[in-house]
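Trainee: Next comes the sequence, and after it the predicted model I'd like to discuss.
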Amino acid sequence: MANGIHLYKGLEVCPLIFPHVATRPGFAHDYDGGFDAAVRIKEPDGGKFEARSRVFRLHVERPFLCAGDARRASTAYGELLIDKYTPGNMIWDGE
């Protein structure tokens with residue numbers, strides 16, 4: 001899991017972590033401002049058909065204090081979303 005992507009119930013779960021405070025041109029990232037998170041859920045590449053994917057942002061009250069917390073929450077949220085959907089009501093159809 002070096003790149004952060006793992007399979008869960010046949011779908012790829014990829015945590016997306018980014019600084020809460022936007023980086024201004026000419027300045028370094030402000031990691032002290034915390035982190036926001038989203039998760040990309042994607043079908044594995046099928047070769048013949050284009051794989052579907054969708055990004056879901058985590059809506060939290062405060063930014064995560066560290067990137068590790070944001071990554072764990074993002075992964076857990078992705079798995080929760082996958083568990084929520086049944087084969088007849090796929091994740092691609094809506095939230």
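Mentor: That came through, no problem. Just so you know, these numbers come straight off a predicted model, no measurement behind them.
Trainee: For the protein, which segments count as strands?
Mentor: Taking DSSP state E as the test, the strands found in the chain are 6-8, 11-19, 35-42, 53-57.
Trainee: May I see the ones you listed arranged in CSV, with mean pLDDT as well?
Mentor: Listed next are the strands of the chain as CSV, based on pLDDT from 0 to 100:
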stretch, mean pLDDT
strand 6-8, 91
strand 11-19, 93
strand 35-42, 94
strand 53-57, 92
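Trainee: Kindly reformat these as JSON lines containing distance to residue 83.
Mentor: (Each C-beta comes from the backbone N, C-alpha and C, glycine too.) Shown next, in JSON lines, are the strands of the chain (distance: least, CB to CB, whole Å):
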{"stretch": "strand 6-8", "distance to residue 83": "9"}
{"stretch": "strand 11-19", "distance to residue 83": "11"}
{"stretch": "strand 35-42", "distance to residue 83": "12"}
{"stretch": "strand 53-57", "distance to residue 83": "13"}
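Trainee: how about a markdown table for the ones you listed, with distance to residue 70 and mean neighbour count added?
Mentor: Shown next, in a markdown table, are those (distance: least, CB to CB, whole Å; neighbours: other CB atoms under 10 Å):
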| stretch | distance to residue 70 | mean neighbour count |
| --- | --- | --- |
| strand 6-8 | 16 | 12 |
| strand 11-19 | 5 | 19 |
| strand 35-42 | 4 | 20 |
| strand 53-57 | 12 | 14 |
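Trainee: Which stretch among the ones you listed approaches residue 73 most closely?
Mentor: With CB to CB as the measure, strand 35-42 is the member of these nearest residue 73 (5.8 Å).
Trainee: I'd like the distance from that closest one to the chain centre, please.
Mentor: Relative to its chain's centre, strand 35-42 lies at 2 Å (CA atoms, centre = their mean, to the nearest Å).
Trainee: Between strand 11-19 and that strand, find me the angle.
Mentor: With axes from the mean of the first three to the mean of the last three CA atoms, to 10 degrees defining the directions, strand 35-42 sits at 160 degrees from strand 11-19.
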